[in-house]
Every structure is written in structure tokens, then in C-alpha cells.
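Trainee: can't give you the sequence, but here's the structure:
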């Protein structure tokens, strides 16, 4: 159906003209990195947008999570949900912390005070709340939980830039929140991220640890590394911020097209972004129920792929079933029921800059066709076929 | 003398036309990061140029050194020279290793088998050779030393891209060598670096640790992080590689102008790049002997600065006198005589893309004037003046 693959992920880039404008001014200034004026402008603008006292840019969100854990001086065990992008856990392992995995809510896919409480062990010193899918884990309820349990709390908000709950924008909760500006995110620096916090001392420790460029006051810190963002990366992030509302609107339009096109399709459910009044619309998350839909999630992925639709199964398998945790933490094999259940049926459909409303409508139609032809597809897949839905002659006409 | 500051550091950037060409092709491809075709092309080209089986790109050289230490599975104590850019030591601390500082040769400024041997403690498991100043520490002699002492050995070659010893190009020694592609280096990705090694298994462990993108074979590794280089960074590095010979020739020309202009200047010595048959010419390293020159190194730096010459004192103070090591390793305060002596007199003069032969000649002339007017400058500096050498009226005419 699609000649070039239709991807999941924002993959926004400014027009060449604007990019040229931003890059030429860096060329003219001949200042390319080491906390230059563009990085400083980006940090000021992020602070303004998020309403936090500090936004510290970093080279990516994984090192950002690492820096927060180190700057908080954490030791011992930290809780993370097993249903998350694996870097959440990897960053904590990197920081020398042992992991306690908690389950997530089966409806929202998010960690909650309830799922956290069920997994709580006596010596957990911190918890990482993860705001998934352009939604949130209801961070203020997790704050109350952490305060009661005497746990440090910070957030992996890699997917949540531009989202807000009733209690305020994502970025203002816990000790700190970490955003990703990876190319797949709604704000892109190609590679990059930032740490938002109202805690000036924590921010200053992180700035000292990130490298000596950009520190305001010297602090004694456990280590100094290089996690700087270059001027060119920051320039792309600034252009991306200019267009964040337009990109969000585009995503919301795609979401409406998908919802209209998929309404009532048996065994196919769209998961709403949880606990937010504003979403970035960056993920269209679905669940496929094999019995009602007629195909398994993985069979459906093969069908979509054969038609040029690169749907994904992000966060599959659960972190507790991924290396090295499947070996180092075998105790979680049977206990994280919601994570395992979600992992068996979740998929994400293409949203973002490279997807048009017409594309979304055609993907929805393709999904309807796949359901209608499910028995034939099952049989084709059994005999080694691709499970393609669109006949070859029609494909050539596209 | 100079209206805009004359910097130390290569600070090369391609012409706008070439940059546009490279970036437009990334725009057209719409693939921005995650081990894309440009990063793969860069790695292949680096392998070819260095003559190593593997060149693994990373987001900066500090994380590169960290990854090598982790991939080698090092524990305990690692030896580093006290006279180096502090990131050499910081990367080892980051990897959880304790530091043993060794002195350097007073003439070459480099670690040697002799200075390493003097500092050797029984439980040192590894040594980091540092190739400073576009020269080398004679890596093959250090290899022989490490083999005898049963030490792992790898190299911080952040400053040594494009250099070669009689035994071959820098990049092929020890277990691995780490290059920096920071904006100040002869090959620039603005931020970036690479790890060169002939050890396929070590390279594969590092690829696995750098992120799941770009791995060839899965390996069980102690951790997975994000140390990826983006496509845009790799594109700049490729353009920079195209021009590395031209930039080297330019540096060599500047070096000749400086040498001619400074020949015979009392108390002012140029330090030759050590133990190389090819240098990248990236640093013009000098020593100022206060008694003969008539001014201290720091007084001379003030004079140069007041005339718009941003000469530097890189690697000052010694790592053993920098935080946190001055506190955590007080035993080195009195023992590293050569490092301390070099730190008291070393300075680097501007070389690189933003310096012309005429600039270099004028800086040399300025240094001669500073020596000639040393008594007057000393007195001016004592009374709070800038120690400017060029009279105001002459400066306005420049």
C-alpha cells in the first residue's frame, strides 16, 4: 500500500530554509559547542515553557536519567515499571542501582501508586515514574505515594514533552523530570534531552557533573563527565519548539482520523493517553485481542509491514524479560501480569511528521480489511506467505 | 593587536556549500540518527584511514574512554599521567576505578615507561597512555612495559588523530585508542569521538554497550547506555576528514612561522611533538622560563590576552592538583615534580583554522616585544595595568 515505509515517531525537521538560517548564524559566530549562546537560549526557553526554575540540556535522555540518579546520591534499590522503554532501567543500572520492577495499570499502561505499592520492598530508596504514550502516570498521586513511603521520586518523561495534567505541565513533578529530544520525539535535537527541576542545588550539581561548561556555581560532585549538547543540536531543538504546537495539532488530527476509521473494529482498541488534559499526540497506542480481531498482534504486524506500514511494539518484551534483567532478576518472571498481558497485544500505529491524514485513513482501512480477511491471512501466513491484504495489481496502481 | 580573539584549537568547519550538500542529503533521506548510513560511512572510512579492524563512533571521547574501561572489565587501580586533560582521569573515575597518578617526561611532557614504572603499585591493573600535543608517548615502548608488568593498556589519543610513529599510525596501539572529534580537534564532529581497536570482540562489546543500534553480534555486556553519534555529527566529521591534510599543512605552516619568528627568544622554548614521524600540528606548545624571559607565564598570558591573543595553559594545574583529586589523592602533592614544573611554565599559542600565517608572525613579534619591554610590563602589571604591549594609537590603526 505504501511505497516508502510509514514510520512511528515524530521525525520532525524544520524546512531547509529555517535550518540554513540557524546553522549559518552558528557558522558566522564560529562557536560550535561548550555551552554556547544557542544552548543557553534553548535552556532559557525550556525553563519558560515548562515553568521550571531549571532546564539543563544533556546529550541524551539516558545520560540525563543517569545524572539525576547520581546527583541525588542514590544508593541501593530503585523501583521502575517493567513496562517502559528499556533505557529507563539501563540508566539506573548504569548509576549502580539495583532494580525493583513494578507492574503497570492494565488500562492506562502506566505505573500508579497502587502498582508501585504492591512491589514496594523495604529498602527501595527511590522510584522512577514513567510518563508513557503522550499521557502521564498521574505524577501528583505518585508524589503523594512517594512522600508517604519516604522514597525519592523523579520522572522519565522522555515521551511526555508538551503534555499537562490537571495539576500542571509535565516537567514540574518529583525531584526532576527528564525529557528526550531524540529524533523520534515531538521536540527533536536529533540526539539530546533535558533535565527539568525546581531544585536549584540539584540543577547546579547536575551542571557541574555535565562538564565544566555552563556551571554557575562550583559544587563538589561525585563525578564530572561530558554530557553536553552542541550548538547545532540546540538550534534544531529551538526550531522544533517553534513548531511544537503545529506538530501536536497534526498528531491530534491523525488521531481523530484513526479513531473515526477504526471505530467499532472488533478486537481492536485504542488506548487513550492517560491522566492528561493536554497530550502531544505522539503515540497512537492500540491493543489487539486475538480472538475478536481474528489475528494475533504479531500476525497483524506482519500484514502491516508487507504493506509498508512500520507499526511497532514498543516496550516489548517487558524490561523484566529483556537481557540482562531476565537473567539477573528471574523473580519477576511470573509476577508482572499486566505488563505481560499488555506486551502480548500492544502496537503503535504511525503518527508524526511523515504521516498524512490520508495515510492514516488508508492504514485504518487496511486494518479493517485485515480483520475481514483474517481467516485467509492466517492460512497464508501458515504456508509462508506475507499475509498481504492489498492485491498485487492494486498495489502497482498506488 | 587583534580585534577578535585569536583562539587555540582547530575550530575547522567546512564551507557552507559543502555543509549544505551533506545536510540536504540527510534531510532527503529523513534518517537522522540510530547508526544510519552516514555514521556507517564514517566508521568504514576511519577504519580505512587508521588501518584498524574497528572504529566505533561515540558521542564524545570521555564516554569513549569510559566504555573502553568498562568493556575491558577493569577493576581496582588504573594509572594515568597527572599531566593530561582532566577528562582522562574523570572517565576512569566514572568507570569506578581508583587512580594512580604517574609523572611525565620533563622534555616531552608525555608519560613514558620510565615515569610509569616509578609510580607502579602492585595492584595497578591497567594504564592509560596519553598521546599529547600532536605527538605521542612512544606507545610501542609503553606496550612492552605493560606486557612485562601484566597491565592492560589503552590510549587516550584525543589530541593525536592523524599522527604516526615509526611503528605505525596512532590508533593501532594497546587494546584500544580513543580519539576526540570535539570542535577544537583536527577532525571535528562538533561533539564526538571514536574508539579504534583491532580486537573484534572488544569492539563488539563496545557496540553492544553504546546502544542496540549498530551492533553486529549480540554480546552479554555489563551495561547498555546511549553513546550514539547522530548523522549530522558524522557528516561534519566526514567533511573534516576530507580536509584533514589541508588543515595539517596549514598548521605546519603556522608552526614554521612561529619557529622562525621566535628563534633565539630568551627563555621561550617551543616543545616539539614527541616520538612521531607525522604530527597533526594541532598544538604549538611553549615553555616560558621566567628568569630569562623576564615575565612569568601567567604575566605573559595577561599581555597576550590584552592584545586579543587567547593563548592557553591546557592541562593546568596537574590532574593531581584539581578537584576532586587534590582532596582524594593528597599523596601526590609533592611527588610529581615534572608535571608541576611543566604546569608552571607551559602555554599554547593559537594554531588552527582561524589563524593565518600573518597572525602567527604578529603573535611572534608581540612575544618579542613583550620580552623587550618586560621590566615596564612587570611594573604596569604591579600597578594594575593590562600590560598591553601595543600602544593605543597603533592599535587603532590595525
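Mentor: It's in. Everything numeric in this text was worked out from a predicted model, so none of it was measured.

Trainee: Please, where are all the strands along the stretch 251-398 of chain A?
Mentor: In the stretch 251-398 of chain A, the segments counted as strands under DSSP state E, counting those that start in this stretch are A:268-271, A:284-288, A:346-349.

Trainee: For residue B:75, see how far away the residue nearest to residue A:271 when sequence neighbours are not counted is.
Mentor: Excluding the flanking residues, the one nearest residue A:271 by CB to CB, 6 or more residues apart in numbering or on different chains is residue A:285, at 4.3 Å. The C-beta positions use only the backbone N, C-alpha and C, and glycine is treated the same way. With distances taken as CB to CB, to the nearest Å, residue A:285 is found 43 Å from residue B:75.

Trainee: wait, what's in contact with residue A:153?
Mentor: The contact partners of residue A:153, by CB atoms under 8 Å, 6 or more residues apart in numbering or on different chains, come to A:126-129, A:142-143, A:146, A:173-175.

Trainee: How confident was the prediction at it?
Mentor: As predicted, residue A:153 sits at a pLDDT of 98.

Trainee: who's in contact with the residue positioned nearest the centre of chain A?
Mentor: Nearest to the geometric centre of chain A sits residue A:159, at 3.0 Å (CA atoms, centre = their mean). Residue A:159 is in contact with A:85, A:131-134, A:180, A:185, A:280, A:282-283, counting by CB under 8 Å, 6+ apart.

Trainee: host element of residue A:104?
Mentor: Residue A:104 is part of no helix or strand, with elements assigned from DSSP states H and E.

Trainee: Neighbours of the closest residue to it other than its chain neighbours, how many?
Mentor: Of all residues not flanking residue A:104 in the chain, residue A:83 sits nearest, at 4.4 Å (CB to CB, 6+ apart). Residue A:83: 33 surrounding residues under other CB atoms under 10 Å in any protein chain shown.

Trainee: Show me what the residue nearest to residue A:271 bridges to in the sheet.
Mentor: Under DSSP bridges, the beta-bridge partners of residue A:285 are residue A:271, residue A:348.

Trainee: Pretty sure it sits against residue A:342.
Mentor: No. Residue A:285 is not in contact with residue A:342 according to CB atoms under 8 Å; the separation is 9.6 Å.

Trainee: hang on, the earlier thing: can you list which of the contacts of residue A:153 are found in helices?
Mentor: A:142-143, A:146 (DSSP state H).

Trainee: Of those residues - the most surrounded one?
Mentor: Ranking those using other CB under 10 Å puts residue A:142 first, with 25 neighbours.

Trainee: Hmm, residue A:114 and that one touching each other?
Mentor: No. Taking contacts as CB under 8 Å, residue A:142 lies outside contact range of residue A:114: 10.3 Å.

Trainee: in a helix, that's where the residue nearest to the centre of chain A is, yeah?
Mentor: No. Counting by DSSP: H, G, I helix; E, B strand; the rest coil, one finds residue A:159 to be coil, located in no helix.

Trainee: Could you check how far it is from residue B:163?
Mentor: 44 Å.

Trainee: Let me see the contact set for the closest residue to residue A:364 other than its chain neighbours.
Mentor: Counting by CB to CB, 6+ apart, the nearest residue to residue A:364 once its immediate chain neighbours are dropped is residue A:261, at 2.6 Å. Contact analysis of residue A:261 by CB under 8 Å, 6+ apart lists A:360-361, A:363-365, A:367-368.

Trainee: Against residue A:279, how distant is residue A:261?
Mentor: Distance from residue A:261 to residue A:279, by CB to CB: 19 Å.

Trainee: three-state assignment of residue A:195?
Mentor: Following three-state DSSP, residue A:195 is assigned to strand.

Trainee: residues touching it, list them.
Mentor: Each residue near residue A:195 by CB under 8 Å, 6+ apart is listed here: A:54-56, A:58, A:64, A:67-68, A:176-179, A:203, A:206.

Trainee: Which of those are buried, as a ChimeraX select command?
Mentor: Restricted to buried positions by 16 or more other CB atoms under 10 Å in any protein chain shown, the ChimeraX selection for the contacts of residue A:195 reads:
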select /A:54,55,56,58,64,67,68,176,177,178,179,203,206
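
Trainee: and the contacts of residue A:195 as CSV, adding secondary structure?
Mentor: What follows is the contacts of residue A:195, written out as CSV (three-state DSSP):
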residue, secondary structure
A:54, strand
A:55, strand
A:56, strand
A:58, strand
A:64, helix
A:67, helix
A:68, helix
A:176, coil
A:177, strand
A:178, strand
A:179, strand
A:203, helix
A:206, helix
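
Trainee: Which parts of the stretch 1-150 of chain A are strands?
Mentor: Using DSSP E, counting those that start in this stretch, strands in the stretch 1-150 of chain A cover A:54-58, A:77-81, A:98-102, A:124-130.

Trainee: Quick check: which of these is nearest to residue B:1?
Mentor: Proximity to residue B:1 (CB to CB) singles out strand A:54-58 among the strands of the stretch 1-150 of chain A, at 36.0 Å.
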